[in-house]
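S.K.: Task: produce atomic coordinates for the following.
(one chain, ligands or ions: 1)
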Amino acid sequence: MGKGVPFTTGSGIQSRYASQTPQPATSALPSVPHTAAHSERPTQRWSGPRPAGWASATAQASQEALRGAALRPRPPSPQVPRSARFRYRRVPRAGPKWRRRRKWPSYTFHRNRSIQEVVVGEFVLHLCSWHGIYVLDITKGVPAAVSNVFNMKLLVILSFWGLVAGYRGNSSYSSAPQLLLVSFDGFRADYLNNYDLPHLQNFIKEGVLVEHVKNVFITKTFPNHYSIVTGLYEESHGIVANSMYDDVTKKHFSESNDKDPFWWNGAVPIWVTNQLQENRSSAAAMWPGTDVSIHNVTPSYFMNYSSSVPFEERLNNVATWLSSSNPPVTFATLYWEEPDVSGHKYGPEDKFNMRRVLKEVDGLIGDLVQKLKALGLWESLNVIITSDHGMAQCSENRRIYLDTCINHSDYSVIDLTPVAAILPKINVTEVYNKLKHCNPHMTVYLKEAIPNRFYYQHSDRIQPILLVADEGWTIALNTSSSKLGDHGYDNSLPSMHPFLAAHGPAFRKGYRQSTINTVDIYPMMCYILGLKPHPNNGTFSHSKCLLVDQWCINLPEAIGIVVSALLALTVLTGLIIFMQNRASASRPFSRLQLHEDDDDDPLIE
Ligand SMILES: [Zn+2]
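M.R.: Below you'll find the predicted structure:
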């Protein structure tokens, strides 16, 4: 990102400066100081009467200088007495007056593929793309006073490199990476701010935090867990809801009937990709899909899903697999149902009950860290703790009853709330028209009109009509359950977002980022494990700032660095010129050696 970004406005800069500097860019370069035009310029120290032809010679030289001819050595004017040409003149290194006449500093920017050229007075600074990093290279036009150009160049390069190294941080993280992916279901992002979670906060303090993860629509458990491990939107990986129906095969999918690979084979989850690598294995202490043979592969170690298996047993299993398996387990998952279950039951605004539940969850995170430390895995294992979705507060007063709008025999409900998948039994348009104005807190979409931002249209498993309830509203047929919290709503709602925290040698320490997408987690995990990712909807650059070995700098920082560097170099250049002028001021005039054929007649007689 940093490469070249600061210069995307280079043409704008060029035109701006060009308007301030009417002469050609090269005229800003130092003209040769001892050309006729400059050598014959009178000085204030001249005190005697002027020789014949003196005025005309200087006037002519000035006019030529204005025409840009000053750069070329010119033959002496025949009108000027020969002796006058050399009698007194500046020493070749020009003095203060000469400099005052220049427009300094003047900058010209050239876009020349990987090189930006900046002319600062006598200096030509090249900003070179070097391993993707811009360095300043002072290459020509340096006055003799700066004898050790190499040192200067080296200093600038080292300064930049030091800056770069500071951003790159500790890149000691090396081979044999292991990654544990943990999900606490329904862990809404703002629980982190609203509840006391000391173990999780300690975990974050030593690692990274993404405050909001924008998950995928619909914000349900199975779809989002599969998006985390595939980097795909739901329409692409095919797990489009917790309850699905395929009209072609007449197959049904539900949380208790999820073992048919048919539903999962639309994508390749990361544990399968990892498993197919030589000398690697995967393990799963539960995660949707890990107990299914996807593309004929299951993790080397996995548990069949059962909500009754305590967390401690899941943790012990996964820790054992990670620490003592051969071939080594390099990717593992760990899943826990809370705080989702309690979020549904009490609602996220029930502080009393949610505080209790979240304290328990935080205690489990403490157990996890303690276990990893006891097994010597804490420093070497990369751990991501995240979730699939958040939770919205529901109410008995916010119910939408479909039976009040349409006869139940006209359609089938594949999935009900808060996003209802409707399969009409009669004409689709007729069902759509009956539902369209059913309730102002429910949006009704024909499949082909589902907004593009949901990425939820191009799948046979998405039904012809989709009903989306407003945040906190519940869709029901005639009666509804007593759930006080729910999820599945629009994925742009902050209440639907989970968080992500990570710790380990691959991650930076103490770094926070406001947001990434759920689909961005997959390319990051593939990078950590050294796996070639399958085509996905994620963007690695969104999550790479979490990683310790990635160059990561945002645009304002990049612009700030370049501007600071230019200012520093301008000051440095000014200092050098100042020093140079001081040196030359000590011997402002000198009598020059005359050529042998010069007469020794005095200039003024
Ligand atoms: Zn749930």
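
S.K.: Where does the closest residue to Arg453 other than its chain neighbours sit, in terms of helix or strand?
M.R.: Residue nearest to Arg453 in three dimensions, not counting chain neighbours: Ser492, with 7.6 Å by C-beta to C-beta, 6 or more residues apart in numbering. C-beta: built from backbone N, CA, C; applies to glycine. Under DSSP states H and E, no helix or strand contains Ser492.

S.K.: Hmm, Asn215 and Ser492 touching each other?
M.R.: No. Assessed by C-beta atoms under 8 Å, Ser492 is found out of contact with Asn215, at 10.1 Å.

S.K.: okay, these two: which has more neighbours?
M.R.: When neighbours are counted by other C-beta atoms under 10 Å, Ser492 and Asn215 differ, and Asn215 comes out ahead with 25 against 12.

S.K.: Can you give me the neighbour number for the nearest residue to that one once chain neighbours are set aside?
M.R.: Residue nearest to Asn215 in three dimensions, not counting chain neighbours: Thr518, with 4.4 Å by C-beta to C-beta, 6+ apart. By the measure other C-beta under 10 Å, the count of residues near Thr518 is 29.

S.K.: From Glu312, how far out is Thr518?
M.R.: According to C-beta to C-beta, to the nearest Å, Thr518 and Glu312 sit 28 Å apart.

S.K.: ditto for Ile414
M.R.: For Ile414, the distance to Glu312 - C-beta to C-beta - is 37 Å.

S.K.: Kindly report the same for Thr230.
M.R.: Distance from Thr230 to Glu312, counting by C-beta to C-beta: 29 Å.

S.K.: These two: which has the busier surroundings?
M.R.: Neighbour tally, Thr230 and Glu312, criterion other C-beta under 10 Å: the higher count belongs to Thr230, 30 against 11.

S.K.: any idea of the pLDDT on the closest residue to the more buried one other than its chain neighbours?
M.R.: Leaving out its chain neighbours, the residue that sits closest to Thr230 by C-beta to C-beta, 6+ apart is Ala267, at 4.1 Å. pLDDT, Ala267: 96.

S.K.: one step back: backbone phi and psi for the residue nearest to Arg453, please?
M.R.: Dihedral pair for Ser492: phi -90, psi -10, per degrees, to the nearest 10.

S.K.: again, but for Tyr411
M.R.: Dihedral angles for Tyr411 - degrees, to the nearest 10 - are phi -160, psi 170.

S.K.: do the one 4 residues further on as well
M.R.: Here the main-chain torsion angles of Asp415 (degrees, to the nearest 10) amount to phi -140, psi 140.

S.K.: what about it, how many neighbours?
M.R.: Asp415 has 23 neighbouring residues, counting by other C-beta under 10 Å.

S.K.: can I assume it is in contact with His252?
M.R.: No. At 11.1 Å, Asp415 does not count as touching His252 under the criterion of C-beta under 8 Å.

S.K.: Need the overlap of contacts for the two.
M.R.: Common neighbours of Asp415 and His252 (criterion: C-beta atoms under 8 Å, 6 or more residues apart in numbering): 243-244.

S.K.: The stretch 501-605 of the chain: helices as residue ranges?
M.R.: Secondary structure of the stretch 501-605 of the chain by DSSP state H, counting those that start in this stretch: the helices cover 521-529, 540-543, 555-585.

S.K.: Could you export those helices as a markdown table, including mean pLDDT?
M.R.: Shown next, in a markdown table, are the helices of the stretch 501-605 of the chain (pLDDT from 0 to 100):
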| stretch | mean pLDDT |
| --- | --- |
| helix 521-529 | 96 |
| helix 540-543 | 94 |
| helix 555-585 | 84 |
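
S.K.: Please give me every residue in contact with His487.
M.R.: 186, 219-220, 343, 389-392, 418, 496.

S.K.: who's in contact with Val341?
M.R.: Val341 makes contact with 185-186 under the criterion C-beta under 8 Å, 6+ apart.
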